[in-house]
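> Build me a structure from this.
(chains A, B, C and D)
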There are 2 protein chains.
Amino acid sequence: MKTHTIQVTVDLVILTIQEQQLRVLLVKRGVRPFEGECALPGGFVREDESLEEAAARELEEETGTKNIFLEQLYSFGDPKRDPRGRVVTVAYYALISPDRAELAAGSDAASAAWYPVAKLPKLAFDHPNILDVALNRLRGKLEYTTVGFELLPKKFTLSDLQQMYEVILNKSLDKRNFRRKVLAMGILRPLKEWQQTGRKPARLYSFAPQT
Amino acid sequence: MKTHTIQVTVDLVILTIQEQQLRVLLVKRGVRPFEGECALPGGFVREDESLEEAAARELEEETGTKNIFLEQLYSFGDPKRDPRGRVVTVAYYALISPDRAELAAGSDAASAAWYPVAKLPKLAFDHPNILDVALNRLRGKLEYTTVGFELLPKKFTLSDLQQMYEVILNKSLDKRNFRRKVLAMGILRPLKEWQQTGRKPARLYSFAPQT
DNA sequence: CCAAAAGTGTTAGGAGTACACCCATGG
DNA sequence: CCATGGGTGTACTCCTAACACTTTTGG
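I've put the predicted structure just below:
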């Protein structure tokens, strides 16, 4: 049987919300090809680890944090997607709340930074495509799952929650309908705490999945 | 940079409906490991083809047919999933209508046959898991897309359509509500033909996406 | 007292669900 | 004439969407 010289990598679309913007973690490439351009973080899958483990390892290397939401996205294997040779990449996406979205200091992530997805720099390889798939997946899942809470801190206001939805879906939502709907889901625990920011204090809530 | 000796395959979950049952194409393994057990068809990705092309090639080899619905499912890369070595597989699922679901005579598919998913034989590798993911994907997509029509011939009755849904979702649906709903979608073209089978002739329809 | 964001109800339309009988045909 | 599957309508509930004003606080 012929031996195939295909290399397998994982690439990560790590998303967070900062300054009311959806942002993605990108690293600046220091080597050719695409030297000087931005790219999604990623790396080779080691021989003794699963795809998920490889993705989690890369994710921890970039962010210095464990226990982050991580889900497989799609696999990309066009023969020409990497000019250096045949590389199949399994893309994952991760969601990290702003209070944990500090970047690892050391690591190969020295050049990593958060870029608003609404105003992206030029991306290397087929990474624009990968990011696009990730955003569509996130938008889809937002509608019928509770993944969105991964992008919020433990305590948040209903306005925080709504803004998160608005930023990701890129459209504005009706405040009253939104509040009625999320409260009816029975997944929010109202806290006896209020956010004292600026004007009228806003009630804080925490996420409490299906009682 | 270290060279990784990971091999990349595609595995196929090819589904059809026969005799009012959802069925999957399986091949009987003639070699170890898992000799004598059933497995999903699949094969190595060649160096000059994309993942999708590899899947389409395998699909045509098994079924002798082109232009079949084919979509990437998920990638599986546990280091122990194949006892022979490190193999990452990119799974695809395909839907083929019963009138095209004849099997290729020659090919390595000599041992291929359609098995009801409700009553499966023992499957090799992690293929039970792959099939499970495929069925869940299909059930999910059935609710918010029109993929289901891929499992029907060009002309079908509303009862055919409903049975297809019932078989896949494994639950019975209300006839009047079902008909009202699918007709309201405006994606069915009523034909001036009737199916003359047994008793009262049933009207035939064809699938006509968003006018 | 003013600016800014928090908070709150009602109505109308559409979608989903439950439910039972008559019809056309072939044997 | 009977067995079989084809075909049809209504009422109720629930979800969704549209829409505007009052409250609380800090400055």
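
> from here on, contacts and neighbour counts on C-alpha atoms
Noted.

> And the contacts of the longest strand belonging to chain A?
Taking DSSP state E as the criterion, chain A has its longest strand at strand A:7-18. Contacts to strand A:7-18, defined as CA atoms under 8 Å, 6 or more residues apart in numbering or on different chains, come from residues A:22-25, A:40-45, A:51, A:54-55, A:58-59, A:86-98, A:101, A:130-131, A:134, A:151, A:164, B:3-6.

> Over to stretch A:89-98?
In contact with stretch A:89-98 (CA under 8 Å, 6+ apart) are residues A:8-18, A:51, A:55, A:68-77, A:130, A:134, A:150-153, B:75.

> Is residue A:191 in a helix, a strand, or coil?
strand (DSSP: H, G, I helix; E, B strand; the rest coil).

> Quick one: list the elements packing against the longest helix along chain A.
The longest helix of chain A (DSSP state H) is helix A:127-144. Packing partners of helix A:127-144 (3 or more CA pairs under 8 Å, 6 or more residues apart in numbering or on different chains; DSSP states H and E): strand A:7-18, strand A:69-76, helix A:158-169.

> circling back: name every strand pairing with the longest strand of chain A and say which way it goes.
Sheet pairing of strand A:7-18 (DSSP bridges) gives strand A:21-28 (antiparallel), strand A:42-44 (antiparallel), strand A:87-95 (parallel).

> relative orientation of that strand and helix A:127-144 in degrees?
Going by axes from the mean of the first three to the mean of the last three CA atoms, to 10 degrees, strand A:7-18 is angled at 60 degrees with respect to helix A:127-144.

> related to what we said a few turns ago, now the strands paired with strand A:7-18 in a markdown table, please, with extra columns for mean pLDDT and distance to DNA strand C.
What follows is the strands paired with strand A:7-18, written out as a markdown table (pLDDT from 0 to 100; distance: least, CA to the nearest atom of the strand, whole Å):
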| stretch | mean pLDDT | distance to DNA strand C |
| --- | --- | --- |
| strand A:21-28 | 96 | 15 |
| strand A:42-44 | 96 | 37 |
| strand A:87-95 | 98 | 23 |
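
> ok so, going back, name the stretch among the helices and strands packed on helix A:127-144 that sits most buried.
Ranked by mean neighbour count, the helices and strands packed on helix A:127-144 are led by strand A:7-18 with a mean of 24 (mean count of other CA atoms under 10 Å in any protein chain shown).

> Show the average pLDDT along that strand.
Across strand A:7-18, pLDDT averages out at 97.

> Check what contacts the longest helix of chain A and list those residues.
Helix A:127-144 is contacted from outside by A:13, A:39, A:40, A:73, A:74, A:91, A:93, A:147, A:148, A:165, A:168, A:169, using CA under 8 Å, 6+ apart.

> Which positions in that helix come out as buried?
Within helix A:127-144, the residues scored as buried using 16 or more other CA atoms under 10 Å in any protein chain shown are A:127, A:128, A:130, A:131, A:133, A:134, A:135, A:138, A:139, A:142.

> Pull up the gap between the first one and chain B, please.
Going from residue A:127 to chain B by CA to the nearest CA, to the nearest Å gives 16 Å.

> which bits of chain A sit near chain B?
A:3-8, A:46-51, A:72, A:74-79, A:86, A:90 (CA under 8 Å from any CA of the partner chain).

> do that again at 10 Å, thanks
When proximity is defined as CA under 10 Å from any CA of the partner chain, chain A approaches chain B at A:1-8, A:44-53, A:72-81, A:85-88, A:90-91.

> hmm, which of the residues you listed are the buried ones?
Neighbour-count burial (16+ other CA under 10 Å) is assigned, among those, to A:5-8, A:44-46, A:49-53, A:72-79, A:81, A:86-88, A:90-91.

> filter the residues you listed down to the ones near DNA strand D?
Among these, no residue sits close to DNA strand D (CA under 7 Å from any atom of the strand).

> which residue packs closest to residue A:91, ignoring adjacent ones?
Nearest non-adjacent residue to residue A:91, counting by CA to CA, 6 or more residues apart in numbering or on different chains: residue A:11, 4.7 Å away.

> and the longest helix of chain A, does that touch DNA strand C?
No: against DNA strand C, helix A:127-144 shows no contacts by CA under 7 Å from any atom of the strand, the least distance being 14.4 Å.

> I'd like the distance from that helix to the chain centre, please.
10 Å (CA atoms, centre = their mean, to the nearest Å).

> and if you look at stretch A:124-140?
10 Å.
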